[in-house]
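Student: Model the following, please.
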Amino acid sequence: MSNEGYERVQTAMRLEPTDRIPVVPTLLPEPAAGLAGVLLGDMVKDNTLVVETIFKVFDEYGGWDAIYPGFYIPIQLQVMGNFPMKMSISGQELAPDIPFQLNEQEILQVEDYDRIAEIGYDKFFQEDYLWRITKATPDEVKKHMDQLIAADGLFTRCCANRNISRLFTGNGTHPFFTLSLMRSMVPFTQDVYYNPEPVERALQRMTDDLIAAKLAEMKHWDSNIWLFTEERAGGYFFSPKMFERFWWPYTRQIVEAMWEHGIVTLFHLDTCWDKNLAYFKQLPRGSIALELDGTTDLALAKEILNDHACLKGDVPAALLALGTPEEVASYCKEKIDIVGAGGGYILGTGCSVPPNVKPENFRAMIDTAKNYRPKAVL
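Tutor: Next comes the predicted model:
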């Protein structure tokens, strides 16, 4: 049976016009809980409840073109290394209605850079670093990972029952961003300015290992899209000189290695990347897509990357939480008209759907994408 929604997404990724603009909100467990009336303190302990809640929202709002695979509970993000930081969890350290929070501290030490370069990031994380940040025991870590694998299977079955696909399969965090989170923002910035060589050695080893791991992982999936997250390398934080030395070379290696196997890198880029957009034109046409959060000028991104990279975004969290359905619809129509013209655009949320999203605003976003057509193609 044809998966019309995912075909629409793939057409946009290929920079071709679609019958309508595809819509893929970043619906994570926290906003799904809010929309479904489920207490976060219950969800953080139960992967099955997470999956059931996400698909309850999907069904209630009429579905959309592809779905974010957000079937985790918070502690699993820590033990997998997505968030290599100390964590406070709903219903445990926090009130049961408060989303989990990250506690950024200077955990990684200077000498750890060369340790990573020597033995590899995964071995360093699993044998050493994880136990600096987690309260879980080794037995609990194994239990959490077993639960995550089971949830993955349940999520896959729920997708199949609805003839819907994941937006992406593999995912990873940029080595630069990972080190920044582990070391913390200020010490890491001091390191790249005043002690750069160990950082570069770690970045190169992490890049090599990431390429090998993700190529192996993607062989197990039919999808050719993987998610790659970076939130601290753009011009909002670093000068072009630092960007060109510490981020861009490793990024290019990763994207080009994936593209050699036909794999598209979907960048999740929070904060403002206006000053960096032109760099992405150096990458092969169609090899990337940029998921932007509302602080990058999406119209500027369209102007610079038109017919070169697919764009996704960027309905702001503040608008979804505080605006009206009319304001949300108007914003979506403007993006569809400007960014959607000619293809290569997926309507999405800025970063993610906020936990306090208004149900009527979420519906307005989904329905506008389904029913509105760009003026350029009328």
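Student: Pretty sure His268 sits in a strand.
Tutor: Yes. The assignment for His268 by DSSP: H, G, I helix; E, B strand; the rest coil puts it in a strand.
Student: in what helix or strand does the spatially closest residue to it that is not a sequence neighbour lie?
Tutor: Spatial nearest neighbour of His268, chain neighbours left out: Thr229 (4.4 Å); criterion: C-beta to C-beta, 6 or more residues apart in numbering. Bear in mind the C-beta positions are built from the backbone N, C-alpha and C, glycine included. For Thr229, the host element (DSSP states H and E) is strand 225-230.
Student: do the same with Ile304
Tutor: Going by DSSP H and E, Ile304 is part of helix 298-305.
Student: what element comes up after that helix heading to the C-terminus?
Tutor: Of the helices and strands lying after helix 298-305 in sequence (DSSP H and E), the nearest is strand 310-315.
Student: Can you point out the buried residues in the next helix or strand after that next one?
Tutor: Next helix or strand after strand 310-315 toward the C-terminus (DSSP H and E): helix 317-322. Under the neighbour-count criterion of 16 or more other C-beta atoms under 10 Å, helix 317-322 has Ala317, Leu319, Leu320, Ala321 buried.
Student: tell me how far helix 317-322 is from the chain's mean position?
Tutor: 19 Å (C-alpha atoms, centre = their mean, to the nearest Å).
Student: same check, this time on stretch 351-369
Tutor: 18 Å.
Student: what's it in contact with?
Tutor: 20-23, 25-28, 30-31, 33-35, 40, 61-62, 64, 99, 268, 270, 293-294, 315, 317-321, 323-326, 328-329, 332-333, 336, 347, 349 (C-beta atoms under 8 Å, 6 or more residues apart in numbering).
Student: counting contacts, what elements does the strand holding Thr229 pack onto?
Tutor: Other elements packing on strand 225-230 under the criterion 3 or more C-beta pairs under 8 Å, 6 or more residues apart in numbering; DSSP states H and E are strand 171-173, helix 175-183, strand 264-269.
Student: pLDDT weak spots in this protein?
Tutor: In the predicted model, the chain carries pLDDT under 70 at residues 1-2, 376-378.
Student: hmm, back to that, so what touches the strand holding Thr229?
Tutor: Counting by C-beta under 8 Å, 6+ apart, 13, 167-174, 176-177, 214, 218, 247, 254, 258, 263-270, 289, 291 sit against strand 225-230.
Student: Packing partners of the helix holding Ile304?
Tutor: strand 288-292, strand 310-315, helix 325-338.
Student: can you put these in a markdown table and add mean neighbour count?
Tutor: As requested, the helices and strands packed on helix 298-305 are arranged in a markdown table below (neighbours: other C-beta atoms under 10 Å):
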| stretch | mean neighbour count |
| --- | --- |
| strand 288-292 | 24 |
| strand 310-315 | 26 |
| helix 325-338 | 18 |
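Student: could you dump these to CSV with distance to Gly81?
Tutor: Converted to CSV, the helices and strands packed on helix 298-305 look like this (distance: least, C-beta to C-beta, whole Å):
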stretch, distance to Gly81
strand 288-292, 20
strand 310-315, 24
helix 325-338, 33
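Student: So which of the buried residues of helix 317-322 is the closest to Asn306?
Tutor: Distance to Asn306, by C-beta to C-beta, is smallest for Leu319 among those, at 24.8 Å.
Student: Hmm, Tyr331 and that closest one touching each other?
Tutor: Yes. Proximity of Leu319 to Tyr331 meets the contact threshold set by C-beta atoms under 8 Å, at 6.1 Å.
Student: can you tell which of the helices and strands packed on helix 298-305 is closest to Pro240?
Tutor: strand 288-292 (18.0 Å).
Student: Partner strands of the closest one and their direction?
Tutor: strand 264-269 (parallel), strand 310-315 (parallel) (DSSP bridges).
Student: would you turn those into TSV with distance to Lys370?
Tutor: Below are the strands paired with strand 288-292 laid out as TSV (distance: least, C-beta to C-beta, whole Å):
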stretch	distance to Lys370
strand 264-269	22
strand 310-315	14
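Student: So for Gln78, which of these sits nearest?
Tutor: strand 264-269 (18.5 Å).
Student: Specify the angle between that closest one and strand 225-230 in degrees.
Tutor: Between strand 264-269 and strand 225-230, the angle comes out at 30 degrees (axes from the mean of the first three to the mean of the last three C-alpha atoms, to 10 degrees).
Student: okay, the angle between strand 264-269 and helix 298-305?
Tutor: Taking the same axes, to 10 degrees, one finds that strand 264-269 is oriented at 140 degrees with respect to helix 298-305.
Student: can you give me how far strand 264-269 is from the chain middle?
Tutor: Using C-alpha atoms, centre = their mean, the offset of strand 264-269 from its chain centre is 8 Å.
Student: just stretch 260-270 next, same as before
Tutor: 11 Å.
Student: Any idea how far apart the tips of that stretch sit?
Tutor: In stretch 260-270, first residue to last residue: 26 Å (C-alpha to C-alpha, to the nearest Å).
Student: List the buried residues in that stretch.
Tutor: By 16+ other C-beta under 10 Å, the buried positions in stretch 260-270 come out as Ile263, Val264, Thr265, Leu266, Phe267, His268, Leu269, Asp270.
Student: would CSV of the residues you listed with distance to Asp367 be doable?
Tutor: Shown next, in CSV, are these (distance: C-beta to C-beta, whole Å):
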residue, distance to Asp367
Ile263, 32
Val264, 28
Thr265, 30
Leu266, 24
Phe267, 28
His268, 25
Leu269, 27
Asp270, 26
